[in-house]
Every structure is written in structure tokens, then in C-alpha cells.
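>>> Mind folding the following:
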Amino acid sequence: MNKTEFVDAVANEAKASKVATAQVINAAIAVISKSLKKGVAIQITGFGSFDVIKRAARKGRNPATGKEIKIAASKAPRFKAGKALKDAVK
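Okay, here's the model as predicted:
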């Protein structure tokens, strides 16, 4: 399901216009992105939680040459599904 199909499905479920639903979904994505950029975790009861993990610097190998390379430290977003979501998928 792509974003357009997702907006259509949510609009049908909520009995709302597609334009208003798209604005709400875009706003929710923006708030989640901005919060994670600041390092603030978001927890939505019954759905899951979003947070940021820190990856330490490490050594890796270039698969083409076999030469050792340094991989810089980085941050990555993470989503952990909540119990209600896990149970709904089973």
C-alpha cells in the first residue's frame, strides 16, 4: 500500500475528505520526524513507539575489494510495535 492508497483507506474509514485526511497524515509524519530529530521518543498506546538509536562507529569491509573501511557513527529511527498491534496481526 502506498501513501495515496493509505490516505484513501483512512479517509473511507473516518468518513472524511481525502484532502483533509492527507493534511492530517502529512502533519503527523512531520511531527514524528521533528520529534525524532530532536531526540524525543513518541509512544502511541496500542500502536507502538518511535525512538532514535545511536550506532557506534565501526569497521567494515568493501565487498568488492575486501579493503577495510571505517563506518562513521550514526543515528537511525526505530519503530517498536505495541502489544495490541502485534495481537491484531497474528
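>>> Domain-wise, how is the chain divided?
Under the assignment automatic domain parsing, the domains of the chain span 1-39, 41-90.
>>> now the end-to-end length of the last one.
Using CA to CA, to the nearest Å, the gap from the first to the last residue of domain 41-90 comes to 26 Å.
>>> And the residue nearest the centre of the chain, what's its pLDDT?
Taking CA atoms, centre = their mean, the centroid of the chain lies closest to F79, which sits 5.8 Å from it. Looking at F79, its pLDDT is 97.
>>> Then the one 3 residues further on?
At G82, the pLDDT value in this model is 95.
>>> So it versus A73, what's the distance?
For G82, the distance to A73 (CB to CB, to the nearest Å) stands at 29 Å. Bear in mind the C-beta positions are built from the backbone N, C-alpha and C, glycine included.
>>> more crowded one of those two?
Higher neighbour count among G82 and A73: G82, with 15 against 9, using other CB atoms under 10 Å.
>>> For that one, list the residues it contacts.
With contacts defined as CB atoms under 8 Å, 6 or more residues apart in numbering, G82 is in contact with 44-49.
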